[in-house]
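In: would you be able to build a 3D model of this:
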Amino acid sequence: MQQNRHIDVEERHVEKRSDSSHVAATFIKYAAYIIIFFGALYFLVKYVFPMF
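Out: Numbering: from 1, shown residues only. Coordinates of the predicted model:
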């Protein structure tokens, strides 16, 4: 005796984004974040810490 089973299967289609301009813009954005971070760190080490 087999029961009727209703199984909902969800399908997902993952697409890789290969838009080079979007990738380049993201790289530039995060590179700017890193440069600003290290610039602030340099400022702290060079000018603020010697005051103590």
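
In: where exactly do the helices run in this protein?
Out: 20-43 (DSSP state H).

In: okay, now Thr26: neighbour count?
Out: Other residues within reach of Thr26 by the criterion other Cβ atoms under 10 Å amount to 11. In this view, the C-beta of every residue, glycine as well, is placed from N, C-alpha and C.

In: ok, the one 3 residues further on next?
Out: Look at Lys29: counted by other Cβ under 10 Å, it has 9 neighbours.

In: please apply the same query to the one 3 residues further on.
Out: Using other Cβ under 10 Å, Ala32 has 10 other residues around it.

In: same thing with the one 3 residues further on?
Out: Using other Cβ under 10 Å, Ile35 is surrounded by 10 other residues.

In: show me the shaky parts of this structure.
Out: Regions of the chain meeting the criterion pLDDT under 70 cover residues 1-4, 6, 17.

In: let's go with 80 and repeat that
Out: Scanning the chain for pLDDT under 80 picks out 1-9, 14-19, 52.

In: tell me the spacing between Ala40 and Tyr47.
Out: Ala40 is 11 Å from Tyr47, where distance means Cβ to Cβ, to the nearest Å.

In: over to Phe37?
Out: As defined by Cβ to Cβ, Phe37 lies at a distance of 16 Å from Tyr47.

In: likewise for Ser18?
Out: Look at Ser18 and Tyr47: by Cβ to Cβ, they are 44 Å apart.

In: likewise for Gly39?
Out: Between Gly39 and Tyr47 the distance is 12 Å, computed by Cβ to Cβ.

In: need the residues touching each of the two.
Out: None of the residues lies in contact with both Gly39 and Tyr47 under the rule Cβ atoms under 8 Å, 6 or more residues apart in numbering.

In: burial measure for Glu11, as a count.
Out: Counted by other Cβ under 10 Å, the residues lying close to Glu11 total 4.

In: scratch that, Ala40
Out: Should you count by other Cβ under 10 Å, Ala40 turns out to have 10 residues around it.
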